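Trainee: Next comes the sequence, and after it the predicted model I'd like to discuss.
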Amino acid sequence: MRIIGNKGIGERLLPLKYPNFGKLFIGQFISNIGSQFSYMALQFLIFDLTGDLVMMAVLAITEAVPMILIGPFAGVMIDRYNRKYIMAIANGLQAVVILLIPITSVFTGSTRIGAILILAFLNSAFARFFFPARGASIPKLIENKDDLFGANSLSAGAYQTSALIGPMFAGIIIGLYGYQIPFVIDSFTFIFSSLCILWISVPLKVTERSKQGPIQDLVDGARYIRGFLPILYLLVIFSVLMFAGGATLFLIVPFLEIEFGLASRGPREFVFGLFSALSAGVGMLFAVYLSRKKQLRRPITLITYSLVIAGIMLFGFGIATELWMLALAWIGFGTIEVAVGIPLQTIAQETVPDKLRGKVFSFINLAITFSQIIGMGFVSFLAASPLALRGTFAASGLFMVLFACLGFLFMRRKKLESIALQKREEFRQRTGDPIPP
């Protein structure tokens, strides 16, 4: 008979083992479900109002621009002030902005579209303060750094679970009641998240607050990334993923309509929600699997392999002629964000000093977002060319596979896994938690 051990359930479940992490976790889980509602509603609302591929790109760019304009300076503030209040205020402001989107229905034509784009810009701008602050705060909520990888895996699993639940129910709600209700739901989930964050009892102030000017702080963050090759490499890999993959995915809505004839509201949203839910379900299972591990021995290798898989799946979009074929390719994407995001976040948390974490996370998001904006312009050009939508998916997939092959050669030549492991070991020695064998 196998003995499981004498640890109670609170020792096995991290949100119970670390109650303050649990408060952040549950707040984000509920908020993520709401965000899935509003994200899906906004995509279809803009496309139905305009019927224009270009406007889909404009929406994506509108949501991405705040990262470039605000992201770096948000990182400076995150490394200067209490991150708990930054996160709570950011969520509260997002609640207000999201709730205003249904009110735009009083306008018509370009006035309504312009108002929606402004609100989408503001929502993204406030999020630029929240996400880097959350990434920088998690190490302070996990006392035993041996649980840090599991905490990030659990957070990713919660996000995938919300992506499993959100689109499925959002598709039903939009099909039955229209676009207004999802935004109201999302607004209340942001309020809930803000209250959960304020409930955290651990101080989330920076250990060593900078006394330099904001510009010098930005320079220090950029220098750290440039000087630490594993982070720089992962930044490039993630940027390529967003350039070719993330940018191309904004073509999914017109792809369903043009290539598969799902033009009417109801069936189109249901298929989109169902496929998104299946993809998220696979991602959730993978995140749960990773959460049972203390560490990955070769996280950089896993991330590079993930780029190959993403490329193959994206190529599958281009050759899919039946909905079931498209579903298989879509499901494959369920593991990509998990396989890339968890190791990247954990490595950054374990190698970047606390006083630089906010800036480094902001620079990472900046590079990824900038790549996505450039990619959206590029794939929009390809989609309007003789390649059309299918050719754009296929070409983007082949590009990712080729780049990943070059990445393998560079990674092994520069011994990036060994460099990252040494830096992580130094972090564990400072915190008293050596990396397990």
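Mentor: It's in.
Trainee: After the lowest-mean-pLDDT helix or strand in the chain, which helix or strand is next?
Mentor: Comparing every helix and strand of the chain by mean pLDDT, DSSP states H and E singles out helix 9-12 as the least confident one, with a mean of 46. The helix or strand immediately downstream of helix 9-12 is helix 14-17, counting by DSSP states H and E.
Trainee: mean confidence score for that following helix?
Mentor: Averaging pLDDT along helix 14-17 yields 75.
Trainee: which helices and strands sit right next to the helix or strand following that helix?
Mentor: Next helix or strand after helix 14-17 toward the C-terminus (DSSP H and E): helix 19-50. Applying 3 or more CB pairs under 8 Å, 6 or more residues apart in numbering; DSSP states H and E, we find helix 19-50 packed against helix 14-17, helix 53-69, helix 83-100, helix 109-141, helix 148-177, helix 180-198, helix 252-260, helix 267-291. Where C-beta positions appear, they are placed from N, C-alpha and C, glycine not excepted.
Trainee: got the angle between helix 19-50 and helix 267-291?
Mentor: 160 degrees (axes from the mean of the first three to the mean of the last three CA atoms, to 10 degrees).
Trainee: re earlier: so which of the helices and strands packed on helix 19-50 is nearest residue 299?
Mentor: Of all those, it is helix 148-177 that lies closest to residue 299, at 8.8 Å by CB to CB.
Trainee: May I see the helices and strands packed on helix 19-50 organised as TSV, with mean neighbour count and distance to residue 337 added?
Mentor: Shown next, in TSV, are the helices and strands packed on helix 19-50 (neighbours: other CB atoms under 10 Å; distance: least, CB to CB, whole Å):
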stretch	mean neighbour count	distance to residue 337
helix 14-17	18	20
helix 53-69	19	17
helix 83-100	22	21
helix 109-141	20	14
helix 148-177	22	7
helix 180-198	21	20
helix 252-260	18	15
helix 267-291	21	6
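Trainee: now the ones you listed in CSV, with distance to residue 407?
Mentor: Shown next, in CSV, are these (distance: least, CB to CB, whole Å):
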stretch, distance to residue 407
helix 14-17, 32
helix 53-69, 24
helix 83-100, 33
helix 109-141, 23
helix 148-177, 22
helix 180-198, 36
helix 252-260, 26
helix 267-291, 21
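Trainee: Out of those helices, which gets nearest to residue 209?
Mentor: Counting by CB to CB, and looking across all of the helices and strands packed on helix 19-50, nearest comes helix 83-100 at 11.8 Å.
Trainee: Quick check: which ranges of the stretch 151-300 of the chain have low pLDDT?
Mentor: Low-confidence segments of the stretch 151-300 of the chain (pLDDT under 70): 210, 246-247, 249-250, 263-269, 294.
Trainee: try it again with 90
Mentor: 151-182, 201-232, 234-300 (pLDDT under 90).
Trainee: before we move on, what about the stretch 1-150 of the chain?
Mentor: Across the stretch 1-150 of the chain, the ranges flagged by pLDDT under 90 are 1-18, 36-82, 104-114, 128, 131-133, 135-150.
Trainee: hmm, try it at 80
Mentor: Applying pLDDT under 80 to the stretch 1-150 of the chain flags residues 1-16, 47, 51-57, 60-61, 64, 67-68, 71-72, 106-109, 144-146.
Trainee: Tell me how many other residues crowd residue 219.
Mentor: Neighbours of residue 219 under the rule other CB atoms under 10 Å: 13.
Trainee: check which helix or strand covers it.
Mentor: Per DSSP H and E: helix 214-227 holds residue 219.
Trainee: Buried ones in that helix, by neighbour count?
Mentor: 217-218, 220-221, 224-225 (16 or more other CB atoms under 10 Å).
Trainee: Who are the packing partners of that helix?
Mentor: Using 3+ CB pairs under 8 Å, 6+ apart, helix 214-227 sits against helix 71-78, helix 229-240, helix 354-384.
Trainee: Extract the CA atoms of the shortest one and return them as CSV.
Mentor: Spelled out, that is helix 71-78. Provided in CSV are the C-alpha atoms of helix 71-78 (Å, rounded to 0.1, in the frame of the first residue of the first chain):
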residue,chain,number,x,y,z
GLY,A,71,5.0,50.1,-20.5
PRO,A,72,8.6,51.2,-19.8
PHE,A,73,7.6,54.0,-17.4
ALA,A,74,5.0,51.8,-15.7
GLY,A,75,7.9,49.4,-14.9
VAL,A,76,9.8,52.3,-13.3
MET,A,77,6.7,53.1,-11.0
ILE,A,78,6.3,49.4,-10.2
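Trainee: For that helix, which outside residues touch it?
Mentor: With contacts defined as CB atoms under 8 Å, 6 or more residues apart in numbering, helix 71-78 is touched by 86, 128-129, 132-133, 136, 214, 217-218, 221, 357-363, 365-366, 369.
Trainee: hmm, 6 Å instead?
Mentor: Identification of contacts with helix 71-78 by CB atoms under 6 Å, 6 or more residues apart in numbering yields 128-129, 132-133, 214, 217-218, 358-359, 362, 365-366.
Trainee: what's near enough to touch the closest residue in space to residue 396 that isn't next to it in sequence?
Mentor: Nearest residue to residue 396, sequence neighbours excluded (CB to CB, 6 or more residues apart in numbering): residue 244, at 4.2 Å. Applying CB under 6 Å, 6+ apart to residue 244 gives the contacts 396, 399-400.
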